[in-house]
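Chemist: no sequence on hand, only this structure:
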């Protein structure tokens, strides 16, 4: 099982860490260890060797910010064309963990189509391609008989996709309602404890939860991207941002948040969807709603089913290792099904 | 796919209801409808017909408290020996939903061994056999190459077993901690709202959540049975009640519960386990613990994993239809894997 990894930031490196952590037990339980044959990065170039790259040396190089491994191999290629190695016969699976562009899905979207059309399985942490053309990608994967898995795109390693699509066989999920963005949930939690929006945002940025430009999180667009992905996964419907009603937490004041507390309510940025559509908006939830006490960077989703009531899943919504684990868990499922 | 149903109380009837609700969509999606060939009850006798029993007439008869269906069939058997029909070649799957005896596991334990040893798959809602000899049953099922599934035994249709055993591939669950008994959680919730233990228990009994003799729930033994089942499922360890430390909610006073509220804590009956053992005991959880705000008859479990932090699942912990759905979901999994 040969892997081409695209993207070696915190998620890509988290994936390699989980692979290293699990290689011995995987060898014992499954009799194999997946092999990294290539790594594609935006700023450090591309390294490819169909004979396989040494995992420990690769991880060390990436931690040190480069890909200049000393390799004693006659088949190594430095900075080959990406479209060429996506088609290489030595690649079985493409793991896509490059930065997200939710407007175009590129360049990942083209990479994934090339990979699928050349018989590779694809595992994604990158939301962009699914937001732009998730249903198209799913149809393509189905038509070529390959896997397209994306557990990592929603709630990191917390198996939100797997629960909705495989965890309730015989029931239909008729709707979802969740806290799908950790940054805004951290800010709302801090504001609930008495801080101002600016203080809470500054702390989120200091801890690495929020980006320098936090608008993608704060204005609700990251949560909206996850609504689009869940709607495709569960209902088979491709939504666009334009079809969603999206409002963020930027308008919420500290006094509104304190007022809600006195009324035994908690403001949360709620992302929700049904077969008819979806929205993202702040809601003051009653304190006994399972989502009301999901605090800090935790994420949660409640699935409403037709014959089994509501089922709620709570867990980490981000983190390099957790997201890397999600990629790894999809890899194992593909191994069980196809190899 | 021919089913012998043992037990036709609220869970058995819930299973038949889900089967009826799903038969059309199942026919469309899978091209088959499971057929009930026999029903074994304690008080209404046994009805068996290898040609299949009419589902609607069967449900109506059971709702009216009998099994005296008018059947125009030459193969019908009324009150045959149970051990004989367990071995009948027309039976593919035994669904065990008879009343639980956690001391002996009987008579279900004998039934299940007979069924497995005669090549039948087994799906369980009955905790008794697993509490007494779960690991033995799992080994037997493995040795004969048949399924032994029991999603219904813990948290009804909320997929607690499936999440721990299949939902986190590549991670190890190192511990669990949950609210696994709805009756005590309902009583604690009512006491937290100001009622006395006796008032809360009376209301639970009036609503059908608590039995006339509530000691199995109140003293923690039902939750302990679920600790034993989860320990077998996750760690492959067969615990006994004697190995567990079990205390219930009977000693908790209203003033303790109100005191905890002032300290921003909530008393919950916590059932927990690791590879080293397990216990059931009331704990005053900080209000921001994901389990602290699981109220009423809801159940929840938090799984601690080695590489993906904590994952919490919240949902219905009881109910005829929900538990019947869990049986049905296992049935579908068996169909996908074996048929």
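Modeler: Yep, that arrived. All values reported here derive from a predicted model rather than from experimental measurement.
Chemist: what about stretch A:58-69, start to end distance?
Modeler: Its first and final residues considered, stretch A:58-69 spans 7 Å by CA to CA, to the nearest Å.
Chemist: before we move on, what about stretch A:309-325?
Modeler: 29 Å.
Chemist: repeat for stretch A:190-208
Modeler: Termini of stretch A:190-208 sit 15 Å apart (CA to CA).
Chemist: pretty sure residue A:79 contacts residue A:45?
Modeler: Yes - here residue A:79 reaches residue A:45: they are 4.8 Å apart, a contact under CB atoms under 8 Å. Heads up, the C-betas are built off the backbone N, CA and C, glycines and all.
Chemist: what does the pLDDT read for residue A:278?
Modeler: You'll see residue A:278 listed with a pLDDT of 98.
Chemist: would you double-check that it falls in a strand?
Modeler: Yes - assignment of residue A:278 by DSSP: H, G, I helix; E, B strand; the rest coil places it within a strand.
Chemist: which residue is the nearest non-sequential neighbour of it?
Modeler: residue A:227 (4.2 Å; CB to CB, 6 or more residues apart in numbering or on different chains).
Chemist: distance check, that neighbour against residue A:40.
Modeler: Distance of residue A:227 to residue A:40, computed by CB to CB, to the nearest Å: 29 Å.
Chemist: likewise residue A:283?
Modeler: On the measure of CB to CB, residue A:283 and residue A:40 end up 40 Å apart.
Chemist: what's the burial count for the residue nearest to residue A:278?
Modeler: 27 (other CB atoms under 10 Å in any protein chain shown).
Chemist: below-threshold pLDDT in chain A: ranges please.
Modeler: Within chain A, no range satisfies pLDDT under 70.
Chemist: the strands in it, which residues?
Modeler: A:2-6, A:35-40, A:46-49, A:76-78, A:93-96, A:121-124, A:148-149, A:173-179, A:245-246, A:265-274, A:277-286, A:298-305, A:310-316 (DSSP state E).
Chemist: which one of those lies closest to residue B:198?
Modeler: Nearest to residue B:198, of all the strands of chain A, is strand A:277-286, at 27.8 Å by CB to CB.
Chemist: which secondary structure elements does the closest one contact?
Modeler: Packing partners of strand A:277-286 (3 or more CB pairs under 8 Å, 6 or more residues apart in numbering or on different chains; DSSP states H and E): helix A:221-235, strand A:245-246, strand A:265-274.
Chemist: how about 6 Å then?
Modeler: helix A:221-235, strand A:265-274 (3 or more CB pairs under 6 Å, 6 or more residues apart in numbering or on different chains; DSSP states H and E).
Chemist: tell me the phi and psi of the nearest residue to residue A:136 once chain neighbours are set aside?
Modeler: Distance criterion CB to CB, 6+ apart; nearest residue to residue A:136, sequence neighbours excluded, is residue A:238 at 7.6 Å. Per-residue torsions, residue A:238: phi -90, psi 110 (degrees, to the nearest 10).
Chemist: how close does residue A:238 get to residue A:73?
Modeler: Distance of residue A:238 to residue A:73, given as CB to CB: 43 Å.
Chemist: show me which of the two is the more surrounded one.
Modeler: Between residue A:238 and residue A:73, counting by other CB under 10 Å, residue A:238 is the more crowded of the two (17 against 13).
Chemist: circling back to that earlier point, surely the residue nearest to residue A:136 meets residue A:135?
Modeler: Yes - judged on CB atoms under 6 Å, residue A:238 makes contact with residue A:135 at a distance of 4.1 Å.
Chemist: need the overlap of contacts for the two.
Modeler: In terms of CB atoms under 6 Å, 6 or more residues apart in numbering or on different chains, residue A:238 and residue A:135 are both contacted by the residues residue A:232.
Chemist: what about stretch A:273-291, how long is it end to end?
Modeler: The first and last residues of stretch A:273-291 sit 15 Å apart, counting by CA to CA.
Chemist: just the buried residues of it, please?
Modeler: A:273-274, A:278-285, A:289-291 (16 or more other CB atoms under 10 Å in any protein chain shown).
Chemist: contacts for it, please.
Modeler: The contact list for stretch A:273-291 (CB under 6 Å, 6+ apart) reads A:175-176, A:179, A:220, A:223-224, A:227, A:231, A:235, A:244-247, A:249, A:252, A:260, A:264-271, A:292, A:300, A:312, B:295, B:314.
Chemist: ok, of the buried residues of stretch A:273-291, which one's closest to residue B:122?
Modeler: residue A:290 (32.8 Å).
Chemist: ok, residue A:141 - contacts?
Modeler: With contacts defined as CB under 6 Å, 6+ apart, residue A:141 is in contact with A:116, A:148.
Chemist: kindly report the same for the one 3 residues further on.
Modeler: Counting by CB under 6 Å, 6+ apart, residue A:144 makes contact with residue A:116.
Chemist: distance check, it against residue A:128.
Modeler: Computed with CB to CB, the distance linking residue A:144 and residue A:128 is 21 Å.
Chemist: likewise residue A:162?
Modeler: Using CB to CB, residue A:162 is found at 21 Å from residue A:128.
Chemist: please apply the same query to residue A:282.
Modeler: Distance from residue A:282 to residue A:128, counting by CB to CB: 25 Å.
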